[in-house]
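**Q** The sequence and its predicted three-dimensional model are supplied below.
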Amino acid sequence: MKKFFLAILSIVIILVAILLIKTFTYPFKKNNTTTVAEVKWVKNDSAIQRLSGGIKVPTVSAGDLDVFNYAPFDQFKEYLKKSYPLVYQNTENYEVNKYGLVFKLKGSKPDLEPILFLSHMDVVPPGDADIKNNAQDIFRPNDKALPAVTKVSEDWDYAPFSGAVADGRIYGRGAIDMKGMLFSLMESLTNMIKSGALPQRDIYLALGFDEEVGGRKGAKQIAKHFKEKELKFDAVYDEGGLILQKGSIKGIDSDVAVVGCAEKGFLSAKIKVKGLGGHSSMPPMQSAIGKAAVIMQRLEEDQMKPMITPLIKEFFDNIGGTMPFVNRLAISNQWLLKSVLLSQLAKNNSTNALIRSTTALTMMKGSDGTNVLSPEVEFVVNFRLLSGDSVKDIRDHIKKATKGFDVEVEEIDNTREASAVSPTNVKAYQLIQEGIKQIYPNAITTPYLTMAGTDAYKYQIVSKNVYRFMPIKITDAEKQSIHSTNEYISIENYMKMIQYFEYIMKNYDK
């Protein structure tokens with residue numbers, strides 16, 4: 001018996017030794033955050049005023065493209081022409097599908113594949129929250145900057161289309177999503193032209209107008225146009241990732257710049273469940289709504305299997321070295337602890353979305369009367385597909401969950417596979433890293449998976465290098481304000497974003 005316990009102890013000691021050796025020798029990326037001095041940002045009142053004026057134009061996109069109010073979009077196009085005459089005079093520019101805008105700055109070596117920057121001019125509705133200050137034409141760029149908010153406001157500090165400039169911020173719907181990026185691109189291109197710094201390869205800007213409702217008439221048509229012209233881009237840059245302020249990722253004592261190298265797929269299914277209708281005084285043993293409840297419970301309890309995809313492995317390899325020991329132990333010993341790692345990641349909403357195709361029950365409709373049994377109940381379930389799961393896998397998953405019930409399944413919105421994964425060992429990604437170092441030298445840059453859909457997906461037909469990143473450092477509360485209340489971008493973020501894009505444009509081939 002003594003020999004048995006000694007043998008067990010020896011095995012445990014050997015196992016612990018292996019775990020420790022693998023943890024301390026695992027090739028986590030070493031993040032050097034001190035090699036580049038931060039480039040000081042300079043406030044530009046004229047650039048701030050141009051963005052403020054653009055926010056004042058209410059370019060709201062509606063769900064039904066046929067009932068769009070296009071008048072603000074016409075106004076916005078004219079505003080861009082007036083605000084950026086040098087861009088219009090020194091580029092080849094044209095419209096696609098009337099409201100999509102394309103700009104091309106010719107380079108000195110047209111045989112090189114061009115680079116493409118994306119943005120969109122449409123915004124989501126502002127909602128009906130109260131407004132604290134309805135004054136118009138507020139322009140105080142010299143105010144002392146308030147610290148970033150730590151929780152989403154219930155009210156608008158200033159009217160959502162006022163473009164108010166106060167407290168070191170530019171307020172309004174679209175300030176971050178994504179007129180801030182649109183105007184920073186126009187400012188960067190203007191600065192390029194002013195400096196006479198002719199790029200080697202052509203630089204394109206493509207501005208969509210219906211991204212918030214799917215991009216079918218804007219970005220999709222522009223990408224199709226590029227494909228028909230047989231254009232191929234060395235890089236495509238769009239929104240998607242951000243610089244997460246220190247503390248946003250538990251256990252990491254650093255700002256983290258997450259660059260979207262892929263985005264999830266999408267499938268929304270409306271499931272109609274049939275049953276016996278009638279008066280509630282004589283109900284069947286199982287109503288249509290009861291059947292629907294069983295299906296919904298199946299969907300939530302038996303979700304798609306979690307997995308560590310190559311992109312997420314690279315994400316952990318990049319940030320893992322700065323994480324606490326327990327995290328590094330699990331990441332570097334997945335041969336033994338993978339199930340434990342997946343279990344821990346699944347407990348948090350944000351990290352759970354990194355490791356599986358998520359399931360979200362979003363809408364439900366049944367009887368309109370308190371005493372009426374509906375013969376049909378419908379609900380909507382939304383899946384965001386992880387690379388590694390296909391649309392077919394999701395359809396099979398729904399079929400399994402609805403087995404034994406009389407149902408009709410209808411896919412709504414835009415079903416699509418997960419995007420391709422763009423590489424990180426190419427110049428296009430390297431320039432992102434370099435650009436970030438100019439404005440936030442202490443940030444860790446890492447590839448990431450973008451959870452939401454972007455216009456970038458549509459451009460993978462013209463490039464293998466598609467990246468989703470907006471170079472602004474924000475808190476969780478600021479991030480949540482994007483489609484909520486009191487959206488703003490700090491003047492510092494806006495000025496640094498202009499510097500970032502100008503750096504990429506000027507240095508892509510240096």
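**A** Perfect, I can see it now.

**Q** Going by residue numbers, what spans are strands in the stretch 151-300 of the chain?
**A** Assigned by DSSP state E, counting those that start in this stretch, the strands in the stretch 151-300 of the chain fall at 156-158, 165-166, 169-171, 203-208, 235-244, 256-263, 265-274, 278-279.

**Q** I'd like to know which of the ones you listed is closest to Asn382.
**A** Across the strands of the stretch 151-300 of the chain, Asn382 has its closest neighbour in strand 265-274 (4.7 Å, Cβ to Cβ). C-beta: built from backbone N, CA, C; applies to glycine.

**Q** Listing partners with orientation, what would you give for the closest one?
**A** strand 376-385 (antiparallel), strand 407-416 (antiparallel) (DSSP bridges).

**Q** what angle sits between the first one and strand 256-263?
**A** Which is strand 376-385. Here strand 376-385 runs at an angle of 120 degrees relative to strand 256-263 (axes from the mean of the first three to the mean of the last three Cα atoms, to 10 degrees).

**Q** Please export the C-alpha coordinates of strand 376-385 as CSV.
**A** Taking Å, rounded to 0.1, in the frame of the first residue of the first chain, the C-alpha atoms of strand 376-385 are listed here in CSV:
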residue,chain,number,x,y,z
GLU,A,376,-49.8,29.6,-33.0
VAL,A,377,-47.0,31.2,-31.0
GLU,A,378,-43.9,32.6,-32.7
PHE,A,379,-40.5,33.6,-31.3
VAL,A,380,-37.2,34.7,-32.7
VAL,A,381,-33.8,33.3,-31.9
ASN,A,382,-30.6,35.0,-33.0
PHE,A,383,-27.3,33.1,-33.4
ARG,A,384,-23.9,34.8,-33.9
LEU,A,385,-21.7,32.2,-35.6
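
**Q** After that strand, which helix or strand is next? Please name it.
**A** Next along the chain after strand 376-385, taking DSSP states H and E as the criterion, comes helix 391-401.

**Q** Quick check: buried residues in that following helix?
**A** 391, 393-395, 397-398, 401 (16 or more other Cβ atoms under 10 Å).

**Q** Same check on stretch 138-154?
**A** 138, 141, 148-149, 152-153.

**Q** swap in stretch 503-510?
**A** Using 16+ other Cβ under 10 Å as the test for burial, stretch 503-510 gives 503-505, 508.

**Q** still on that earlier bit, any chance of the strands paired with strand 265-274 in a markdown table, with mean neighbour count too?
**A** Formatted as a markdown table, the strands paired with strand 265-274 follow (neighbours: other Cβ atoms under 10 Å):
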| stretch | mean neighbour count |
| --- | --- |
| strand 376-385 | 21 |
| strand 407-416 | 14 |
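
**Q** Out of those strands, which gets nearest to Gly107?
**A** Among those, the nearest to Gly107 by Cβ to Cβ is strand 407-416 (32.8 Å).

**Q** Please list the outside residues in contact with the next helix or strand after the closest one.
**A** Later in the chain than strand 407-416, the nearest helix or strand by DSSP H and E is helix 427-439. For helix 427-439, the external contacting residues (Cβ atoms under 8 Å, 6 or more residues apart in numbering) are 35-36, 38-39, 41, 115, 234-235, 237, 243, 257, 259, 261, 422-423, 443, 445, 447, 465, 467, 469, 471, 496, 499-501, 503-504, 507-508.

**Q** Among those, name the buried ones.
**A** Buried among these (16+ other Cβ under 10 Å): 41, 115, 234-235, 237, 243, 257, 259, 261, 422, 443, 445, 447, 465, 467, 469, 471, 496, 499-501, 503-504, 508.

**Q** Tell me which of these fall in helices.
**A** With DSSP state H as the criterion, helices contain 496, 499-501, 503-504 from among the buried ones among the contacts of helix 427-439.

**Q** Just name the closest of the residues you listed to Ala62, please.
**A** Nearest to Ala62 among those is Phe501, at 29.7 Å by Cβ to Cβ.

**Q** so what's that closest one closest to, chain neighbours aside?
**A** Distance criterion Cβ to Cβ, 6 or more residues apart in numbering; nearest residue to Phe501, sequence neighbours excluded, is Ser188 at 4.0 Å.

**Q** Tell me how many other residues crowd the one you found.
**A** Residues near Ser188, counting by other Cβ atoms under 10 Å, number 24.

**Q** and if you look at Ile482?
**A** With other Cβ under 10 Å as criterion, Ile482 counts 19.

**Q** I'd like to check which residues are in contact with it.
**A** 176-177.

**Q** Helix, strand or coil: sort out it for me.
**A** Put simply, Ile482 is coil when judged by DSSP: H, G, I helix; E, B strand; the rest coil.

**Q** and what of the one 4 residues further on?
**A** Remark: Asn486 carries the secondary structure label coil [criterion: three-state DSSP].

**Q** List the contacts of it.
**A** For Asn486, counting by Cβ under 8 Å, 6+ apart, the contacting residues are 129, 149, 152-153, 155-157, 171.

**Q** got these as CSV, with distance to Met364 and pLDDT columns?
**A** Below are the contacts of Asn486 laid out as CSV (distance: Cβ to Cβ, whole Å; pLDDT from 0 to 100):
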residue, distance to Met364, pLDDT
Ala129, 26, 95
Val149, 33, 93
Val152, 26, 86
Ser153, 30, 91
Asp155, 30, 96
Trp156, 31, 97
Asp157, 35, 96
Tyr171, 36, 98
